[in-house]
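Colleague: return atomic coordinates for the entry below.
(chains A and B)
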Amino acid sequence: MKRINLLKAVNICIIGSLVFLYSCTKDFPEINTDRNTVATVGSAELPFLFSKAEASAVPNIWNYQVAQNLFADQYAQYFACTATYFPSDRLNIRMDWVGAAFNPIYSDMVPQLLSIKNAAAAGSAEAAIADVVWVLGFHRVTDYWGPIPYFNAGTPGNSVAYDPQDKIYDDFFKKLTAAANVLKTKTSEKPYGSYDLIYGGDVSKWLKFTNSLRLRLALRISKLTPQGQKLKQRQQ
Amino acid sequence: MLATVLQISSTLPLPGLKPEIVKNLELGIDARFLNNRIGFTATFYKSNSFNQLLQVSLPVATGFVRKYINAGNIQNQGFEFVLTGQPLSQRELKWDMTFNFALNRNKVVELSEDVKIFYLGGGFGRSATPVIEEGKSYGDLLAFKWKTNANGQRIVDSNGKPVLTQAQEAIGNFNPRATLGLTNSFNYKAFSLRLLVDGRVGGTVVSGTEMNLAFSGIPEVTALNREGGWNLGGVNDKGEANSKTITAQDFWQIASGKRYGAGEFFAYDATNFRVRELSFGYSLPIKSGGAVKSARLMLVARNLMWLYRGSSKMDIPGIGKRKMWFDPDMSLGSGNFQGVEYGTMPATRTLGLNLQVSF
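Modeller: Got it, this is the predicted structure:
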């Protein structure tokens, strides 16, 4: 009798521990899913991503000070610096400041825009505006540095290839022209709605901005290539 | 106005994440003699941490700022020693002593295929940057230095001002070579007295506060040579002796750069000894059988006084070494970013009176 009882007890123990082990692994994926983050990007997430991309296309908050005020604005003499320990007004580049004009474009703008381009329908107003913001962000970077990582931007790896500036400018015009053509046909839509921090989804304003940006870029290369000359004339 | 945005994480995940493993080898001895009146414990250890989870930088053009890696093999070996003794053990007078001593040596045996150097402070410290580099030690500090030539002579420019290095170079390690402490407690009848003295030997700490202040001539040392100036010595880049005279302002503004200076000028030997704690207690006489079982009054003082503090590591020609004016315990941060004091709150001294009553 005693032996049987013992066996029974052992069995219960084994079964009990099996249940216990099973329950340990049953909810494994659920336990390891972070409920505070969005795991996949669908159409519902696009407006939120777009807000972030738009807010990052021009360096914001303190990045604006170091990227814009302490370099370009001083070189163009819009700003003057009286702090003797700020070297950038003497054409002395502080490497840890100048990155503010470069880094946020890649780390804060590019990933959101690439995700939007992956998820939004081709030929949609959403995709077109994302391209315009892409150019808005990148034209400032290439104007600062010339050749920059562009066509492979946002691809994980230990390094990203640099692209020549004329190829980048060609792509700018290609993107803006295509975007303008799409936006012309979508003036009744409200892409991103109130999540569009600049124009609140007003397509006609985006169209105007797209053409203004084309003109600005055309002016910048107007003394360089026949293509730029032509564009400048066409838009006047 | 919207406040909610979504963004793709700027940290590249590590799909094949491995758990960190520590292999530890320890050898110890615990010995007591003469009815436990004297004893010691001694421990030798060697521990190697593998697969440590580190975040390293990625080129931002990838769209990610950093990634996780399972890195390397970090080795600590050291020795800990505690000696306890009771020199006096009478019915009414007791004297207990504890002496402890520890040293640790660290070696970064291996980091990873891609990463050979890892900046713990973001890569560009305002005065010094802690760094992990393969083959070196955890806690090494990099900073801009006074440039020297191949013969070790300090270089000055054509005006006789110091020339700084182009890159940050090693100036020391923030870890102590050894730590030690001595506790003495005396009990006589109802009175007790306890004195703890401790300290550390070696290690480097950089004063970013002094660096910042020196730009504006606030620290006392900047008053030297303020008028008239002095010849700093050293040689120019052709190896010719320096014949020019500079002022304190010339010197300290180059050394400090105000917010981003050359840490070597403000690096101190962190060696220090202090009276860490002194307490004096008295057990009030309580009649047994009452509601109150015991009552004890205690006067406690912490961080009471310095016995010794190190000096600046650089012996500036014509100025000499400066005594450390701050508490090296207050170095910035408590994590990996140590060895730099930059606008840190001063250390405090505590004086307290305790009354402990048991019912």
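
Colleague: for the rest of this, base every contact and every neighbour count on C-alpha atoms.
Modeller: Will do.

Colleague: which ones are touching whichever residue of chain A sits closest to chain B?
Modeller: Using C-alpha to the nearest C-alpha, the single residue of chain A nearest to chain B is residue A:154, 4.1 Å away. Residues touching residue A:154, when contacts are defined by C-alpha atoms under 8 Å, 6 or more residues apart in numbering or on different chains, comprise A:106, A:110, A:111, A:114, B:61, B:62, B:63, B:64.

Colleague: ok, of those, which one's closest to residue B:165?
Modeller: Each of these was checked against residue B:165 using C-alpha to C-alpha; the closest is residue B:61, at 29.4 Å.

Colleague: show me the contacts for that closest one.
Modeller: Contacts were defined as C-alpha under 8 Å, 6+ apart; by that measure residue B:61 touches A:103, A:106, A:107, A:149, A:153, A:154, A:155, A:159, A:160.

Colleague: output those as a markdown table; include the columns pLDDT, secondary structure and distance to residue B:136.
Modeller: Formatted as a markdown table, the entries for those read as follows, by pLDDT from 0 to 100; DSSP: H, G, I helix; E, B strand; the rest coil; distance: C-alpha to C-alpha, whole Å:
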| residue | pLDDT | secondary structure | distance to residue B:136 |
| --- | --- | --- | --- |
| A:103 | 92 | helix | 30 |
| A:106 | 95 | helix | 33 |
| A:107 | 93 | helix | 32 |
| A:149 | 97 | coil | 34 |
| A:153 | 95 | coil | 35 |
| A:154 | 93 | coil | 34 |
| A:155 | 92 | coil | 33 |
| A:159 | 90 | coil | 26 |
| A:160 | 94 | coil | 30 |
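
Colleague: can you select the buried ones from those residues in PyMOL?
Modeller: If you want just the buried ones from the contacts of residue B:61 in PyMOL, going by 16 or more other C-alpha atoms under 10 Å in any protein chain shown, the selection is:
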select buried, chain A and resi 103+106+107+149+153+154+160
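
Colleague: helices and strands of chain A: which one bottoms out on pLDDT?
Modeller: Of all helical and strand segments in chain A, the minimum by mean pLDDT, DSSP states H and E falls on helix A:2-26, at a mean of 56.

Colleague: scratch that, chain B
Modeller: Across the helices and strands of chain B, mean confidence by mean pLDDT, DSSP H and E is lowest for strand B:117-119: a mean of 83.

Colleague: before we move on, back to that, which one of the contacts of residue A:154 sits in the busiest neighbourhood?
Modeller: Within these, residue B:63 tops the neighbour count with 30 neighbours, counted by other C-alpha atoms under 10 Å in any protein chain shown.

Colleague: for that one, which non-adjacent residue is closest in space?
Modeller: Once flanking residues are discounted, residue B:63 sits nearest to residue A:154: 4.1 Å by C-alpha to C-alpha, 6 or more residues apart in numbering or on different chains.

Colleague: swap in residue B:137?
Modeller: Leaving aside its sequence neighbours, residue B:137 is closest to residue B:107 (4.7 Å, by C-alpha to C-alpha, 6+ apart).

Colleague: beyond the least confident helix or strand of chain A, next helix or strand please.
Modeller: Along the chain past helix A:2-26, the next helix or strand (assigned with DSSP states H and E) turns out to be helix A:28-31.

Colleague: which elements pack onto that next one?
Modeller: Other helices and strands packing on helix A:28-31, by 3 or more C-alpha pairs under 8 Å, 6 or more residues apart in numbering or on different chains; DSSP states H and E, are absent; none qualifies.

Colleague: tell me the mean pLDDT for whatever helix or strand comes next after that helix?
Modeller: As assigned by DSSP H and E, the chain's next helix or strand after helix A:28-31 is helix A:46-57. Per-region confidence: helix A:46-57 scores 94 on mean pLDDT.

Colleague: next one: stretch B:156-173
Modeller: If you average the pLDDT over stretch B:156-173, you get 92.

Colleague: what does stretch A:179-190 give?
Modeller: Across stretch A:179-190, the per-residue pLDDT values average to 95.

Colleague: what's the longest helix seen in chain B packed up against?
Modeller: When every helix of chain B is counted residue by residue (DSSP state H), the longest turns out to be helix B:248-256. The contact analysis (3+ C-alpha pairs under 8 Å, 6+ apart) places helix B:248-256 against helix B:208-214.

Colleague: so how far is the helix it packs on off the chain centroid?
Modeller: Using C-alpha atoms, centre = their mean, to the nearest Å, we find the averaged C-alpha position of helix B:208-214 to lie 18 Å away from the chain's own average C-alpha position.

Colleague: which other helices and strands contact it?
Modeller: helix B:248-256, strand B:340-341.

Colleague: how far away is the residue nearest to residue B:63 from residue A:122?
Modeller: Here residue A:154 is placed at a distance of 19 Å from residue A:122 (C-alpha to C-alpha, to the nearest Å).

Colleague: same check on residue B:24?
Modeller: Taken as C-alpha to C-alpha, the span from residue B:24 to residue A:122 is 58 Å.

Colleague: how about residue B:154?
Modeller: Between residue B:154 and residue A:122 the distance is 64 Å, computed by C-alpha to C-alpha.

Colleague: quick one, which of those two is more surrounded?
Modeller: Between residue B:154 and residue A:122, counted using other C-alpha under 10 Å, the more crowded position is residue B:154 (20 against 12).

Colleague: my guess is that one contacts residue B:145, does it?
Modeller: No - assessed by C-alpha atoms under 8 Å, residue B:154 is found out of contact with residue B:145, at 10.2 Å.

Colleague: secondary structure element for residue A:179?
Modeller: Using DSSP H and E, residue A:179 falls within helix A:165-184.

Colleague: then residue B:84?
Modeller: The secondary structure element spanning residue B:84 is strand B:66-89 (assigned by DSSP H and E).

Colleague: tell me the strands beside that strand, with direction?
Modeller: Each strand that strand B:66-89 pairs with, and the sense of that pairing, follows from DSSP bridges: strand B:11-12 (parallel), strand B:38-57 (antiparallel), strand B:93-110 (antiparallel).

Colleague: now tabulate the ones you listed in a markdown table and tack on mean pLDDT and mean neighbour count.
Modeller: Compiled in a markdown table, these are given as follows (pLDDT from 0 to 100; neighbours: other C-alpha atoms under 10 Å in any protein chain shown):
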| stretch | mean pLDDT | mean neighbour count |
| --- | --- | --- |
| strand B:11-12 | 90 | 18 |
| strand B:38-57 | 91 | 17 |
| strand B:93-110 | 95 | 18 |
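
Colleague: possible to save those strands as JSON lines with distance to residue B:141?
Modeller: Rendered in JSON lines, the data for the strands paired with strand B:66-89 read as follows (distance: least, C-alpha to C-alpha, whole Å):
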{"stretch": "strand B:11-12", "distance to residue B:141": "26"}
{"stretch": "strand B:38-57", "distance to residue B:141": "18"}
{"stretch": "strand B:93-110", "distance to residue B:141": "14"}
